[in-house]
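Novice: What shape does this take:
(one chain, ligands or ions: 1)
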Amino acid sequence: MDEESVDVFCPNCNIEVASRVICRGHGGFSSSAVNPIDEVDAEYHGDTYFVSLCRRCSTPFLVRQSLYGVPGEFETVTNEVVLYPNASRLPADGLPDPTRRAYEQALRCYSAASYEACALMCRRCLEALCKSFSVVGKSLNMKIDALYAADIIDKRLTQWAHGVRAIGNEAAHDTDAELSKDDARDAIDFTEALLMYVFALNARFAEFQRRRSAGGEL
Ligand SMILES: [Zn+2]
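Specialist: Residues are numbered from 1 along each chain as shown. Below is the predicted model:
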């Protein structure tokens, strides 16, 4: 008998793989029947959870399949979501639209193995970040330094931003350069860390302080 498979995108192999299901379990179930006797021919909705492993690199996945059907007649999968690993670790809240769009495009380029385009989109994220704080400068290089001078990013984040800028420049100007998957992944990870600090964590810390001072604890 064939092993059960579920198709997922493996972020480590960076391709769509048929992962091997090693465990499955049923989640919530609801029926439109008003009493148990009617359940045999009433519509139902249910969730099934799978734990599976990539056949190439053994990365684990947790997948939820939502089912809809009528007993004995049909059953169909209406939705399938990979709950782990999460493609994006960045909370969308508090991220300005142009920055979020560039970030999402960088993720899409990476998924499509377009690593130069991915690095360019990461660089565009930085441009959008600078614009959202209205920092001025003739080049991205100067704008990043202006972010540092305005105390929006600290010294370490400034180094990371310059790293992303450099790899973006390489993708834009050096036509012989062929960026590796690892370079593109690093560009995404450092961009993500910058956005996480500047937007998500800053907003969360402000909220944390507000809550604590409202409770008289600060
Ligand atoms: Zn894999």
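
Novice: Going by C-alpha atoms from here, please, whenever you check contacts or count neighbours.
Specialist: OK.

Novice: so what's the residue sitting furthest away from the middle of the chain up against?
Specialist: In the chain, counting by C-alpha atoms, centre = their mean, I37 sits farthest out from the average C-alpha position, at 44.5 Å. I37 sits next to no residue when contact means C-alpha atoms under 8 Å, 6 or more residues apart in numbering.

Novice: Retrieve the pLDDT associated with it.
Specialist: If you check I37, the pLDDT there is 73.

Novice: What are the phi and psi values at it?
Specialist: Backbone dihedrals for I37, given as degrees, to the nearest 10, come out at phi -70, psi -30.

Novice: For the helix or strand of the chain with the lowest mean pLDDT, what is the distance to the chain centroid?
Specialist: Least confident element among the helices and strands of the chain, by mean pLDDT, DSSP states H and E: strand 74-84 (a mean of 85). How far strand 74-84 lies from its chain's middle: 19 Å, per C-alpha atoms, centre = their mean, to the nearest Å.

Novice: What is the helix or strand following it packed up against?
Specialist: Counting by DSSP states H and E, the next helix or strand C-terminal to strand 74-84 is helix 97-111. Packed against helix 97-111 by the contact rule (3 or more C-alpha pairs under 8 Å, 6 or more residues apart in numbering; DSSP states H and E) you find helix 115-132, helix 181-195.

Novice: at 6 Å instead, please
Specialist: Packing partners of helix 97-111 (3 or more C-alpha pairs under 6 Å, 6 or more residues apart in numbering; DSSP states H and E): helix 115-132.

Novice: The least confident helix or strand of the chain: which residues count as buried?
Specialist: Neighbour-count burial for strand 74-84, counted by 16 or more other C-alpha atoms under 10 Å, picks out 80, 82.

Novice: Now do that strand: everything it contacts.
Specialist: 61-69 (C-alpha atoms under 6 Å, 6 or more residues apart in numbering).

Novice: same check, this time on stretch 14-34
Specialist: 4-10, 39, 42-55.

Novice: Narrow these to just the buried residues.
Specialist: If we count by 16+ other C-alpha under 10 Å, those have these buried: 5-6, 8-10, 42-54.

Novice: wait, does the lengthiest strand in the chain contact the ion?
Specialist: For the chain, the longest strand by residue count, based on DSSP state E, is strand 15-31. No - judged by C-alpha under 5 Å from the ion, strand 15-31 makes no contact with the ion; its nearest approach is 7.1 Å.

Novice: Check the offset of that strand from the chain's centre.
Specialist: That offset, for strand 15-31, works out to 21 Å (C-alpha atoms, centre = their mean).

Novice: How about L140: what's its closest non-neighbour residue?
Specialist: Leaving aside its chain neighbours, L140 sits nearest to E127 (6.7 Å; criterion: C-alpha to C-alpha, 6 or more residues apart in numbering).

Novice: can you count the residues close to the one you found?
Specialist: As a burial measure, E127 scores 20 neighbours (other C-alpha atoms under 10 Å).
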